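Visitor: below are the sequence and a predicted model for it; my questions follow.
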Amino acid sequence: MSEPILVGRGLTKAFGPVEVLHAVDVDVRPGEVHALLGENGAGKSTLMKLLSGYHDPTAGEVLFDGAPVRFPDSNAAEAAGIVLIHQELNLVPDLTVEENVVLGREPHRLGLVDRRAARARAREMLDTLRTEVPVTKRVRDLSVSQMQMVEIAKAVSREVRVLCMDEPTDVLTGTETEVLFDLMRRLVADGVAVLYVSHKLDEIKAIADRVTILRDGALVGTFAAADLTTADMARRMVGRDVADMYPPKRPVPADAPVALELDDVSVPGHVEGATLHVRRGEVLGLAGLIGAGRTELFEGVLGLRPMHGRVRKDGRPVRWRHAEDAKFDRVAYLTEDRKGKGLLHEKSLRENVTLQALERFARPFVHDRQERAALEAAIEEFDVRVARHDVAAGTLSGGNQQKLVLAKLMLTEPDVVVLDEPTRGIDVGTKRQIYFYVAELLARNVAVVLISSELPELLGLAHRVVVLKDGTVTGTLEGAALTEETIMAYATGLRRDPPPTPAEVPRVRA
Amino acid sequence: MSAPEAVAPPAPAWRGALRRVPWQQLTPLLALVLLVVVGSLLHPSFLTATNLFNVLTRSAFIGIIAVGATFVIIGGGIDLSVGSMAAFLSGAMILLMNALQGGALSPVGVVLMGVGMVLGSGLVAGAANGLAITRGRIEPFIVTLGTLGIFRSLVTYLADGGTISLDFGLRGVYRPVFYGNLLGIPIPVWAFAVVAVLGAILLHRTRFGRYVRAIGSNQEVARYAAIRVARIRTLTYVIQGLCVAIAVVLYVPRLGSASASTGILWELEAIAAVIIGGTALKGGSGHIWGTVVGAIMLSLIGNVLNLTSVISEYLNGTVQGLIIIGAVFLQRGRQGR
């Protein structure tokens, strides 16, 4: 067995007060594909970024070739041969493929860029990848998978010793994935270490030599991939105690009416023919990997993007062309993108909290005192922790911002609430408060759709879980079938139920 | 009621109140006061009612247009077409009134028809800008750059390259709208004040105004908060068109003519007034009263330079330009970046 090239010892990382990675040990050896596996938020990407010098650890150290290193920036890490390919591609859209591949290291002749040499080098790189990417095309005009291949070509055109890839196959087709795996095998044969983050268990099984599994920022263990089945992997990445994080689950009354019904709903480019329903007093979970189309499905239903298909609210056919239409039908959507779509960061708490239900405060002039009273009430009800009430919303912590967005939604008095990743990026205490708030909503006979990538959250709150994979519903789980392993199996495509026949679609009593 | 701890010692309360004054927001007003002080020191006739009303009257056109521009800019847009639009509406109004003159209508009736036509056309022109931007999903800069060219060429075409003049039979009737007084205050100043007050109420006290600021601050957040973003943005351009029309109603009786050079660079002066007034060019926040101060300042600078010989009046644009850049510099400093 060869000496490890890259070792992490007790790696710990905190962003602000939130520790996302707790004392993780890992070693990467030359000539292996080393997979990092874990749920969303388990700390895979963070660990990879620490190892590749993109972030500095809060505690612990990284050893490279046996010696402790701390790279001043990612360029220094790249110069040493550790290259990270980001989830967000790092190309200049208006330059051509060849210009991108040699960017920053253009061959020169007589003080000018030697374009012939540049082109030759770019073509050589892309040839090794056996892709058909035209080197003279602008990157803007490429498909996403082609861009990914260019990114990889750019990485391997350097003296690479450790290649770190963060879910590279998410945007690749099956054939392109095979090409990438071929390339990885050839790199590994040359003694390169490949560190590979993925959700896709079958891919990991196919390509990885060893697997390091993380759960909630802590190390579960490092295993030889050959020793684990995909089911073993799924169990190890999820199984955990969920003690009293969650309120007791109240059964949905047998006669609870269906509140919202989706029938053969498609969102172009994201979701194909989704059929599901949620009853009053019920939490319907919506599971799936990133990019499965969960967010897009409900953005479509709520009038935030184009959709086709039939939607019924309380049994009545509806067609919401604007979020405003859905609001008047008392349906609210909590965005997953709190930062970009949830709050006006420069505006006061008061302006934010009343924004969605402003008509209640304007007759026709906005009533300052009532607005302030509404803010006081929201701060009280949602336990928003602020020193002063006249600060800008952007100054609040993530958890308090989320409470403010929730308060904003609830001022519209919805009876169907779609919560999209309601606990993303917030601390455990606030998470628990949000879970108990969901239980309160159920007691008020509200129907809740919970979109979440955190399986324990789905298991802890949802009465039923609908799983989406690549834009189609692959299964609906409830009762004993509702386990993390089965959700993962449906989300990763290991299992799939036939689509429901029309007879199985519940009808609302007229 | 009479809890002793509720009674704050007077001196700190007074100082606290002083600290609560938004000094940085008041920068434009302080600059205006400074300009008045400088003007009155430089020239004895500066601080006379005649001169000041003269300044206010001249600031009315740009000021009224700038009130509309405040809505557009706070909503995250820009309208470059206002100067050409004013010229086109002036030309069309005069042609219509000349055509109606001598018919069945009395001269007052003719002028009222003209006013009605201009207000209606202003609404339509603004709506056209707004719809092209929101429904057509084209950048406001591009759309209004296009309509700037269109309106300018239309007025040139209507005037056949020359000047369109108002029929002399109508001038006497229409003249008081610019030159008349009410309670000793010129009509254009009244109009400016009324437009500014209505604009301030609309922007600061209504749902619509709040939505405009929300959209300018972050359009996506507004959309996800169930606000009809396209409709509100379109309405800001409609308000802008209406403001241009009101300015035209006041402007036509001043000279009684329109030509290809009418309203040249008004768009820049209007935008400058808005920016000097403390409205962020990227949208999201701003005040009507700031815009009013900005418009008056622009016109005061010209007046002070005219009255005195310290700086040549030909350098009017230079001084205005320096003040605009200075205003933006202060805005940036306020955000602390």
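Guide: Noted; the coordinates are in hand.

Visitor: what helix or strand does the most centrally placed residue in chain B sit in?
Guide: Central residue of chain B (CA atoms, centre = their mean): B:Ala66, 1.9 Å from the mean position. Assigning secondary structure by DSSP states H and E places B:Ala66 in helix B:49-74.

Visitor: remind me what that helix packs against, helices and strands.
Guide: Applying 3 or more CB pairs under 8 Å, 6 or more residues apart in numbering or on different chains; DSSP states H and E, we find helix B:49-74 packed against helix B:82-100, strand B:185-186, helix B:187-205, helix B:207-217, helix B:229-255, helix B:266-276, helix B:288-307. C-beta: built from backbone N, CA, C; applies to glycine.

Visitor: quick check: mean pLDDT of that helix?
Guide: Mean per-residue pLDDT for helix B:49-74: 92.

Visitor: list the buried residues in that helix.
Guide: Residues of helix B:49-74 classed as buried: B:51-53, B:55-74 (neighbour count, 16 or more other CB atoms under 10 Å in any protein chain shown).

Visitor: try stretch B:102-112
Guide: B:Pro107, B:Val110, B:Val111.

Visitor: now do it: everything it contacts.
Guide: Stretch B:102-112 has contacts (CB atoms under 8 Å, 6 or more residues apart in numbering or on different chains) with B:Met97, B:Leu100, B:Gln101, B:Met113, B:Gly169, B:Leu170, B:Gly172, B:Val173, B:Tyr174.

Visitor: which of those residues are buried?
Guide: B:Met97, B:Leu100, B:Gln101, B:Met113, B:Leu170, B:Val173, B:Tyr174.

Visitor: show me what from chain B comes close to chain A.
Guide: B:201, B:205-207, B:210-211, B:213-214, B:217-218, B:220-228, B:284-285 (CB under 8 Å from any CB of the partner chain).

Visitor: who are the packing partners of the host helix or strand of B:Val177?
Guide: Using DSSP H and E, B:Val177 sits in helix B:176-179. On a contact count with 3+ CB pairs under 8 Å, 6+ apart, helix B:176-179 meets helix B:187-205, helix B:229-255.

Visitor: in the longest one, what counts as buried?
Guide: Of the residues in helix B:229-255, B:229-230, B:232-254 count as buried by neighbour count, 16+ other CB under 10 Å.

Visitor: distance from the chain centre to stretch B:264-284, please.
Guide: 9 Å (CA atoms, centre = their mean, to the nearest Å).

Visitor: for stretch A:262-273, same thing?
Guide: Worked out by CA atoms, centre = their mean, stretch A:262-273 lies 20 Å from the chain centre.

Visitor: pop the domain breakdown of chain A in here.
Guide: A:6-238, A:246-330+A:414-510, A:340-413 (automatic domain parsing).

Visitor: dump these into JSON lines; add mean neighbour count as well.
Guide: Shown next, in JSON lines, are the domains of chain A (neighbours: other CB atoms under 10 Å in any protein chain shown):
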{"stretch": "domain A:6-238", "mean neighbour count": "18"}
{"stretch": "domain A:246-330+A:414-510", "mean neighbour count": "19"}
{"stretch": "domain A:340-413", "mean neighbour count": "18"}
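
Visitor: distance to B:Val195 and mean pLDDT added to those domains, as JSON lines?
Guide: Putting the domains of chain A into JSON lines (distance: least, CB to CB, whole Å; pLDDT from 0 to 100) gives the following:
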{"stretch": "domain A:6-238", "distance to B:Val195": "45", "mean pLDDT": "81"}
{"stretch": "domain A:246-330+A:414-510", "distance to B:Val195": "30", "mean pLDDT": "87"}
{"stretch": "domain A:340-413", "distance to B:Val195": "19", "mean pLDDT": "89"}
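
Visitor: for the ones you listed, which one sits closest to B:Ala260?
Guide: B:Ala260 lies closest to domain A:6-238 among those, at 39.1 Å (CB to CB).

Visitor: rewinding a little: quick check, nearest of the buried ones among the contacts of stretch B:102-112 to chain A?
Guide: Using CB to the nearest CB, B:Met113 comes nearest to chain A of the buried ones among the contacts of stretch B:102-112, at 31.6 Å.
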